[in-house]
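K.L.:
Please find the sequence and the predicted model below.
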Amino acid sequence: MEKPLLDAWRRARAERRRPMQVPGHKLRYLDDAPGWAHELVGDTVRDDIPLQGGVDDNAYSNDYLGQAEALWARAVGAEHSRFLVGGSSQGNIAALATVGDEDTPIAIDRTSHRSTQAGLVLIGARPLWVYPEIHPELNIPIGMSPRSLADLPERVNGFFVTSPSYVGTISDVPALAAVAREHGEPLVVDQAWGAHLDFLPGRGAIAQGADFSVTSVHKALLGYTQTAVVSMRTGIIPRSTLDRWVDLTSTTSPSGTLMASIDGARAALEEDAGRRLGVVIEAVATARQRLARVPGLVVVNDETAGCPVDPTKLTLVLPGTGADGVAVGEALWRMGHGPESADHDTLILTTTVADEPEWIVAFADLLGDLIEAHRGEARRPSPLSIWRVEPQVAMTPREAFLRERRRVPLREAIGEVSAEQFCPYPPGVPLLAPGELVTREALDAIAAAATTCRIAYCSDSSLETILIVSR
Ligand SMILES: Cc1ncc(COP(=O)(O)O)c(C=O)c1O
């Protein structure tokens, strides 16, 4: 199995060079090397080798990165891929900027990650928000309907959807791609949570017809934290346009270690040819069956959701058990098994190829017992506002971001235009964003979300004030 970047990283690590250039830690902390302040920083930088002047030379003469990116592209059926160390956040910004411009709106899923708004700020495009369908009882998104993209009131400059969703539900990407093709516009799929799908034949977004996909290698695969890849088919847009935006948003000092972990993850998945993924998927199916025996618990799967669900995800809807997801989540965290996300009604657990199948099944039993221990009186699910935000857009995110702003008490801001994001994390979908009118519903939703998680990216974390656009 070819893995040019990983091999080069290993060679660089074995050489034990003594550079008279960056990195500042001078590669003095490899394993047992006793550099200055070893006990304070040694183990955190032990494996850190820069790409430039480390894994490759200063001129990138060997183009190990380019070779590794080409191998990734080939593996996922793309024509061009770029490795990123700014996460799928960077990928979303670069992909959006590649397809959009200031003059024509872009159709974007309003349940998309907060990073899409950074892309909009960068290029000045107006979002034409589109909304996934919401399951009437489970209150979770169950995929973007092709109709939502087909029936738009005006011409758009491309379509942006999130699949899998944060809860693991998957959209009909081939049908969405067909709509995009009819309009002659590109389809971007934020597949941050679905990097593994690229290694299941015919399941990845690009394989299913998307023009661009953004995927976190650190989420569903084995990459270092922060690693992601943006991939594209060429045709509608030249690859140099994507390169331009990736380069604009990238550090000039990428970590060779992070990048090599992307190459290693790809090689591992290709070499394994789906066997490990198959075993994990089987274990998750067993885990789901066991959890489904817990009275009142809804296990989200293809049948209960009514749409395809990521076969590696465990998403549970708790109200029928009376258990509080926040309390169960806290108990899991204390046990060292922190969940991906926990609100009062929903628990989301991520499994990957790094999990042993026996552990996944044992964890399901442990979780079932924990839910029993928290059992209470069954209740109705509370409609979670995060998936249902339908903002009134007063100006573009860019205008709101750049205009003069002033601070007012939050409750006095109704009717004003927000200059900032209020973003429950997880899942990182803004309840209110720059350019959107502050409404009573938005403020109530923020207050409710604050009872279960951190409200991120607003300037006053006490939630007493807000920055609004000055009139
Ligand atoms: C749907 C979605 N897209 C993009 C991102 C950003 O990913 P990253 O953390 O790799 O920047 C996230 C993060 O949680 C996400 O949920």
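P.N.:
Sure thing, it's come through. What you are looking at is a predicted structure, and each value in this text was computed from that prediction instead of being measured.
K.L.:
Can you tell me which residues in this structure are near the ligand?
P.N.:
For the chain, the residues in contact with the ligand (Cβ under 6 Å from any ligand atom) are 87-89, 92, 113, 115, 162, 166, 190, 192-193, 216, 228, 427-428. All C-beta atoms are positioned from the backbone trio N, CA, C, and that covers glycine.
K.L.:
From the residues you listed, pick the one nearest the ligand.
P.N.:
G87 (2.3 Å; Cβ to the nearest ligand atom).
K.L.:
show me what contacts the closest one?
P.N.:
For G87, the contact set (Cβ atoms under 8 Å, 6 or more residues apart in numbering) comprises 115, 216, 218, 226-228.
K.L.:
top of these by neighbour count?
P.N.:
T227 (28 neighbours; other Cβ atoms under 10 Å).
K.L.:
Tell me how many other residues crowd the residue nearest to that one when sequence neighbours are not counted.
P.N.:
Sequence neighbours aside, V217 is the residue nearest to T227 in space, at 4.2 Å (criterion: Cβ to Cβ, 6 or more residues apart in numbering). A count of nearby residues for V217, using other Cβ under 10 Å, gives 29.
K.L.:
Does V217 touch I262 like I think?
P.N.:
Yes. Contact criterion Cβ atoms under 8 Å: V217 and I262 qualify, at 4.9 Å.
K.L.:
And the strands in the stretch 301-450 of the chain?
P.N.:
Listed in chain order, the strands of the stretch 301-450 of the chain (DSSP state E, counting those that start in this stretch) span residues 313-317, 341-342, 346-350, 405-409, 423-425.
K.L.:
could I get these as JSON lines with distance to A292, mean neighbour count and mean pLDDT?
P.N.:
Below are those laid out as JSON lines (distance: least, Cβ to Cβ, whole Å; neighbours: other Cβ atoms under 10 Å; pLDDT from 0 to 100):
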{"stretch": "strand 313-317", "distance to A292": "10", "mean neighbour count": "25", "mean pLDDT": "98"}
{"stretch": "strand 341-342", "distance to A292": "19", "mean neighbour count": "24", "mean pLDDT": "95"}
{"stretch": "strand 346-350", "distance to A292": "14", "mean neighbour count": "23", "mean pLDDT": "97"}
{"stretch": "strand 405-409", "distance to A292": "47", "mean neighbour count": "14", "mean pLDDT": "98"}
{"stretch": "strand 423-425", "distance to A292": "28", "mean neighbour count": "21", "mean pLDDT": "93"}
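K.L.:
circling back: overlap of the contact sets of V217 and I262?
P.N.:
223-224, 227, 229.
K.L.:
Restricted to strands, list the residues you listed.
P.N.:
V229 (DSSP state E).
K.L.:
Could you pick out the buried ones from the residues of the chain next to the ligand?
P.N.:
With burial judged by 16 or more other Cβ atoms under 10 Å, the buried subset of the residues of the chain next to the ligand is 87-89, 92, 113, 115, 162, 166, 190, 192-193, 216, 228, 427-428.
K.L.:
Looking at those residues, which two lie furthest apart in space?
P.N.:
A228 and P427 (16.8 Å; Cβ to Cβ).
K.L.:
Return the closest of the shared contacts of V217 and I262 with respect to A68.
P.N.:
Nearest member of the shared contacts of V217 and I262 to A68, counting by Cβ to Cβ, is V229, at 10.1 Å.
K.L.:
Could you report the separation of the closest one from the ligand?
P.N.:
Here V229 is placed at a distance of 10 Å from the ligand (Cβ to the nearest ligand atom, to the nearest Å).
K.L.:
Which secondary structure element of this structure has the lowest mean pLDDT?
P.N.:
Lowest on mean pLDDT, DSSP states H and E among the helices and strands of the chain sits helix 38-45, with a mean of 91.
K.L.:
re earlier: just curious, which of the shared contacts of V217 and I262 is nearest to the ligand?
P.N.:
T227 (7.8 Å).
K.L.:
Let me know whether the closest one touches D263 as I believe.
P.N.:
No. Counting by Cβ under 8 Å, T227 stays clear of D263, with 10.1 Å between them.
K.L.:
Now do the SS call for the residue most central in space within the chain.
P.N.:
A centroid search over the chain (Cα atoms, centre = their mean) returns A192, at 3.7 Å, as the residue closest to the centre. The three-state label given to A192 by DSSP: H, G, I helix; E, B strand; the rest coil is coil.
K.L.:
So for it, what pLDDT did the model give?
P.N.:
Per-residue confidence (pLDDT) for A192: 98.
K.L.:
in which helix or strand would I find the closest residue to it other than its chain neighbours?
P.N.:
Closest residue in space to A192, ignoring its immediate chain neighbours: S88 at 3.8 Å, by Cβ to Cβ, 6+ apart. Element membership for S88, per DSSP states H and E: helix 87-99.
K.L.:
starting at the chain centroid, how far to stretch 421-441?
P.N.:
The chain centre lies 17 Å from the centre of stretch 421-441; the measure is Cα atoms, centre = their mean, to the nearest Å.
K.L.:
Could you do stretch 381-391 as well?
P.N.:
On Cα atoms, centre = their mean, the centre of stretch 381-391 falls 19 Å from that of its chain.
K.L.:
One more: stretch 225-236?
P.N.:
That offset, for stretch 225-236, works out to 13 Å (Cα atoms, centre = their mean).
K.L.:
Show the average pLDDT along that stretch.
P.N.:
95.
K.L.:
hey, C-alpha coordinates of that stretch in PDB?
P.N.:
The C-alpha coordinates for stretch 225-236 follow below in PDB (Å, rounded to 0.1, in the frame of the first residue of the first chain):
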ATOM      1  CA  THR A 225      -7.200  16.100  15.700                       C
ATOM      2  CA  GLN A 226      -7.800  19.000  13.200                       C
ATOM      3  CA  THR A 227      -7.200  16.900  10.100                       C
ATOM      4  CA  ALA A 228      -9.700  17.100   7.200                       C
ATOM      5  CA  VAL A 229      -9.800  16.800   3.400                       C
ATOM      6  CA  VAL A 230     -11.700  18.800   0.800                       C
ATOM      7  CA  SER A 231     -12.200  16.900  -2.500                       C
ATOM      8  CA  MET A 232     -13.800  17.800  -5.800                       C
ATOM      9  CA  ARG A 233     -14.700  16.700  -9.300                       C
ATOM     10  CA  THR A 234     -13.400  19.000 -11.900                       C
ATOM     11  CA  GLY A 235     -15.800  20.200 -14.600                       C
ATOM     12  CA  ILE A 236     -18.000  23.000 -13.400                       C
END
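K.L.:
Could you pull out the buried residues of it?
P.N.:
Of the residues in stretch 225-236, those buried (16+ other Cβ under 10 Å) are 226-233, 236.
K.L.:
What ranges does the stretch 51-200 of the chain have for its strands?
P.N.:
Using DSSP E, counting those that start in this stretch, strands in the stretch 51-200 of the chain cover 80-84, 106-109, 127-130, 159-162, 187-190.
K.L.:
Need the pLDDT of the nearest residue to V408 once chain neighbours are set aside.
P.N.:
Among residues not flanking V408 along the chain, I468 sits closest, at 5.8 Å (Cβ to Cβ, 6+ apart). Looking at I468, its pLDDT reads 98.
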